[in-house]
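Student: Got a sequence here, can you model it:
(chains A and B)
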Amino acid sequence: MTPQTSTNSTPIIQIQNVHKRFHTLRGTVHALRGVSLDVQPGEVVVIIGPSGSGKSTLLRCINRLETTDSGRIIVDNIPLTGAKNINKVRAEVGMVFQSFNLFPDKTALENITLAQRVVRKRRKAEAEARAHDLLAKVGIPDKADAYPGQLSGGQQQRVAIARALAMDPKIMLFDEPTSALDPEMIKEVLDVMLALAREGMTMVVVSHEMGFARAAADRAVFMDEGLIIEEGEPDVLFSNPTHERTKLFLSKIL
Amino acid sequence: MPDERDYPEVQPAQPMPPQHSGEIYDDLQFEVKESLGDRLMNWIAGLPWWAIILAVVAVAALYSMFTSAAYRDVLRALTDNPQVTTEDLFEVVQIVGEPTMIVGRYVGESQDSVSTVITSLLDDVIDSELVQRAGFLVREDPATITIQTESGRVTIPRQRITAMDPPDAGLGDNVSVEYIERVTVTGTLTARDDKTLTIRTVNEQIETFDTDRILSEETTTTPEGEELVRIEREGLSYRGRLTALSQTGISLVQEDETRVELRRADVAFLAIPTLTVALNAAAAERTIGPDDEVRIGFVQGTDITRALQELDSLDGIPVPLRYGAGAARAALISYADLAAMMGAVAAGELDAALYLSGAEDRLAMAEWVENNPDAAVVLPTPPRECQRNCTVTVKLRDDVVEGRVLERTADTISIQTVAPEFVVIDRDQILENRRTEPGACALNNLRGCNAGIFLTLRVTFMAYGLALIIGLFFGLMRVQKNPILYAFSTLYVEVVRGIPLLVILLYAGFVVSPWLRDNTPLKLSDEWEAVLGLSFGYGAFIAEIFRAGIQSISRGQMEAARSLGMSYPQAMRYVVLPQAVRVVLPPLGNDFIAMLKDSALISVLALPDLLQLGRLYISRTFRAFEGYNTVALLYLLMTLFLSLLVRVIERRTRLPG
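Tutor: Sure, this is the predicted structure:
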């Protein structure tokens, strides 16, 4: 079913026939209508699709920021629906948000060390050394003592990536990481993500950055109305979509 | 180019500085226009701590300097009248120790030279616990003996033995020994250092009074050869201007301007001038027009101005005298004595007689009226006693003093009624320090300051601390998805918020506290009732503040923390709450100030807080203006200082960027 059938390792993320409904005052929204997706270790998957198609919901279900109504999600061999300690799973799954969600009352360094100390129980010196390494890796080694309010959007997002990486996750989820950024800051974030992909990190990215998808992604997935419409290699999907809805969507954004 | 000299030099507008290669945000500068008040407040809030405290002290000092003695009087009353220092560090201490702990007995100047063995101190001030044990005498040495009792061996220092039966028992004999196991000293702690405590077991009391007050005197000699006198003396008399008269007390100013406050219970006799009015029978029925003349008599020496004033304010007096005091012309005629004046009334020479005198004279006048029914006489009912400003005479009850004569001069005698006794105790030998109650309020013993401003501040701080805990607890419950927690906390908030704080305080004091006293071992003091009532009432508001604060933090913060693997409590503790606290600091500060003001309500629980002391002062002196002024000013000073403090804290917790 997936194009990756040739690999013999078990998928690190298995999504099987997942349904999700949101109940609001105005009625019920069926956000996911039976989505199935496998992600192999080391694979980079980019999810595209129109607004409201369920991309972000799917991503948030992977680390259970949203619960599912039916279907199964298995991450790193642990089924999420019955997971006793969801926090252990979450510690292995890093997430980067569209709005960064840095802790505004803590410096960049403290943002990166907090979870290491609280969840991973690392000592202060160890956590700080790791934080400095990661800040250097994302290209802002001199901003350790800056507060989020003193950083530009691109710098904030890079700190957020470093914060997620500090937990040494096996999987990284990116929820439209560049949508809230000015065009000139998008590149610095994408560069960091690209480097991460080259290192072999398993990544699921919700993004409309076609350049990044072509350069880094192993697979692109097009979602609409809570369903996966089409998937394939990015170049093939973008240049030669088979589905009408994919064509329509791509014609609008390209 | 125009002539530049005709114009003042004008700087050209500053061009925008060139964009640097750094972050574009670095070059954005916002100019925010502040109002004058804001700038002043910011300037004040930016001052260092010591400057603010200094300013407050300066204001207080200026205040006390520029106000009258009356204000200082009130201020002292409201602040629990703290002495600068006190000798009585604690009112009562009860120390249980080993019998050898008493190393000396201190009387007056001879602390070092007098050293007494324990037995001589074993009188009523030091309780000893005597123990009796029976057993076989198994060991003897110069300092101790050891006996074998049914429950085991006991070694007793010989020094502590008070009785032994038989007294000459030898080894192996069956003996019964009575000895002092421990002693208890009760008294006032007056000094302490690293090693010892000094306790005054009995207070010194010296009475000095004029010898002409002595009614009778007898001298007895104690078995120790000390001479003691017993003097019956006449109660003191005071004469002066009445300033306040209430059910419990009398306050007057003597001729030398000294103020005297007396308890009614001590008063044997009180003479207050009473206005008496006698009318001629014919005059009572006469209608007096504006042009008529009214003849009013008085006895020489009567304060006629005051008598007329009193008359003017009387109800139930027939018409003629109203004219006499008001519109009609009055002729005032003085008489040598009461009999002469009353004769003139009977003879119709006078329309009315005014008499302002003490109680006894009033009776004389009533008697005269009874004997001469032809002259219609009106006596104001109830008797019109003077309330303020007239001259009164007060005599206190006779009493008895007993003691040792210290000094006797031609005019005065000094009697020491009780001599102080001091006991010095080694700290090492204290087994148990049973009770310490705060003594007099003083700078070296602030523990003793229990009323007025001290009580207000202490209750407010304690109640606020407790309310913060309650508020945080319920605020966290209010943001839970669990329906039971949410419903329970909502019930608390809605119920408590809808009941006046005064009612909650009354519940705490008169419903909850008595119930606890009857059904549990908990016995709440008035102060704790107030603290619990206040904190319970304010907890609801603070819970809502915390709830709003937590909800003001974006959901993304919680999600980011959870996505990093933190549990809900961890995320709350490390990520959400620290941010929420910053948000809620200003409203929390507001609530603290509000609580300080609302603490005035605790006076309904009979607590002597700032307001209550003010009211007591006013009911004693009738000086409501000064009293309430000072109360209001003290509350104002405290709240102003606190709002400054809140501003400073707000500034210091502001995030950069």
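Student: Can you name the residue of chain A nearest chain B?
Tutor: residue A:149 (2.6 Å; CB to the nearest CB). Where C-beta positions appear, they are placed from N, C-alpha and C, glycine not excepted.
Student: Count the residues that sit near that residue.
Tutor: 13 (other CB atoms under 10 Å in any protein chain shown).
Student: And the residue nearest the centre of chain A, how far from residue A:209?
Tutor: Of all residues in chain A, the one closest to the mean position by CA atoms, centre = their mean is residue A:173, 1.8 Å from it. To residue A:209, residue A:173 is 15 Å away according to CB to CB, to the nearest Å.
Student: the strands in the stretch 351-500 of chain B, which residues?
Tutor: With strands called from DSSP state E, counting those that start in this stretch, the stretch 351-500 of chain B shows them at B:352-357, B:384-385, B:391-396, B:399-408, B:412-418, B:421-426, B:430-438.
Student: ranking those by mean pLDDT, which is last?
Tutor: Of all the strands of the stretch 351-500 of chain B, mean pLDDT reaches its minimum on strand B:384-385 (a mean of 63).
Student: what pairs with residue A:46 across the strands?
Tutor: residue A:205, residue A:220 (DSSP bridges).
Student: Would you mind confirming that it is in contact with residue A:223?
Tutor: No: applying CB atoms under 8 Å as the test, residue A:46 and residue A:223 come out as separate, 11.1 Å apart.
Student: Between these two, which contacts overlap?
Tutor: Here residue A:46 and residue A:223 share no contacting residue, scored by CB atoms under 8 Å, 6 or more residues apart in numbering or on different chains.
Student: re earlier: for the residue of chain A closest to chain B, which three-state class applies?
Tutor: helix (DSSP: H, G, I helix; E, B strand; the rest coil).
Student: which residues touch residue A:161?
Tutor: So residue A:161 contacts A:96, A:138, A:177, A:189, A:192-193, A:196 (CB under 8 Å, 6+ apart).
Student: Please flag which of these sit within strands.
Tutor: Among these, the members found in strands (DSSP state E) are residue A:96.
Student: Enumerate the residues of chain B near chain A.
Tutor: Contacts of chain B with chain A, taken as CB under 8 Å from any CB of the partner chain, map to B:23-25, B:554, B:556-557, B:559-567, B:570, B:574-575, B:578-579, B:582, B:655-657.
Student: Contact partners for the spatially closest residue to residue B:470 that is not a sequence neighbour?
Tutor: Take residue B:470 and drop its neighbours on the chain: the residue closest to it by CB to CB, 6 or more residues apart in numbering or on different chains is residue B:539, 3.2 Å away. Taking CB under 8 Å, 6+ apart, we find residue B:539 in contact with B:466-467, B:470-471, B:474, B:492, B:496.
Student: Residue A:140 too?
Tutor: A:108, A:151, A:155, A:158-159.
Student: what subset of those is also close to chain B?
Tutor: Okay, of the contacts of residue A:140 touching chain B (CB under 8 Å from any CB), that's A:151, A:155.
Student: Give me the phi and psi angles of the residue nearest to residue B:398 when sequence neighbours are not counted.
Tutor: Once flanking residues are discounted, residue B:398 sits nearest to residue B:235: 5.0 Å by CB to CB, 6+ apart. Residue B:235 adopts backbone torsions of phi -70, psi 150, taken as degrees, to the nearest 10.
Student: Residue B:235 reaches residue B:268, doesn't it?
Tutor: Yes: if you go by CB under 8 Å, residue B:235 and residue B:268 touch, sitting 5.5 Å apart.
Student: what do those two both touch?
Tutor: B:395-398.
Student: Tabulate those (JSON lines), appending neighbour count.
Tutor: Below are these laid out as JSON lines (neighbours: other CB atoms under 10 Å in any protein chain shown):
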{"residue": "B:395", "neighbour count": "16"}
{"residue": "B:396", "neighbour count": "16"}
{"residue": "B:397", "neighbour count": "12"}
{"residue": "B:398", "neighbour count": "13"}
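Student: among the residues you listed, which two are most distant?
Tutor: B:395 and B:398 (9.4 Å; CB to CB).
Student: any residues in contact with both of these two?
Tutor: B:235, B:268.
Student: Wasn't the residue nearest to the centre of chain A part of a helix?
Tutor: No: checked against three-state DSSP, residue A:173 lies outside a helix; its state is strand.
Student: In contact with it: list those residues for me.
Tutor: A:59, A:62-63, A:93-96, A:203-205.
Student: Please convert the buried members of those residues into PyMOL selection syntax.
Tutor: With 16 or more other CB atoms under 10 Å in any protein chain shown as the burial test, the buried ones among those are selected in PyMOL as follows:
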select buried, chain A and resi 59+62+63+93+94+95+96+203+204+205
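Student: Need the contacts of residue A:173 in JSON lines (columns: distance to residue B:546 and pLDDT).
Tutor: Output for those, formatted as JSON lines (distance: CB to CB, whole Å; pLDDT from 0 to 100):
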{"residue": "A:59", "distance to residue B:546": "32", "pLDDT": "92"}
{"residue": "A:62", "distance to residue B:546": "33", "pLDDT": "91"}
{"residue": "A:63", "distance to residue B:546": "28", "pLDDT": "87"}
{"residue": "A:93", "distance to residue B:546": "31", "pLDDT": "93"}
{"residue": "A:94", "distance to residue B:546": "31", "pLDDT": "93"}
{"residue": "A:95", "distance to residue B:546": "28", "pLDDT": "94"}
{"residue": "A:96", "distance to residue B:546": "30", "pLDDT": "95"}
{"residue": "A:203", "distance to residue B:546": "39", "pLDDT": "95"}
{"residue": "A:204", "distance to residue B:546": "37", "pLDDT": "95"}
{"residue": "A:205", "distance to residue B:546": "38", "pLDDT": "95"}
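Student: Could you double-check that the residue of chain A closest to chain B sits in contact with residue B:655?
Tutor: Yes: with contact defined as CB under 8 Å, residue A:149 counts as touching residue B:655 (6.0 Å).
Student: Quick one: name the residues of chain A near chain B.
Tutor: A:63, A:65, A:87-88, A:90-95, A:97, A:99, A:101-105, A:114-115, A:118-119, A:146-152, A:155, A:160, A:163-164, A:167.
Student: switch the cut-off to 6 Å
Tutor: Counting by CB under 6 Å from any CB of the partner chain, chain A comes close to chain B at A:63, A:65, A:87, A:90-91, A:95, A:99, A:101, A:103, A:105, A:114-115, A:118-119, A:147, A:149-150, A:152.
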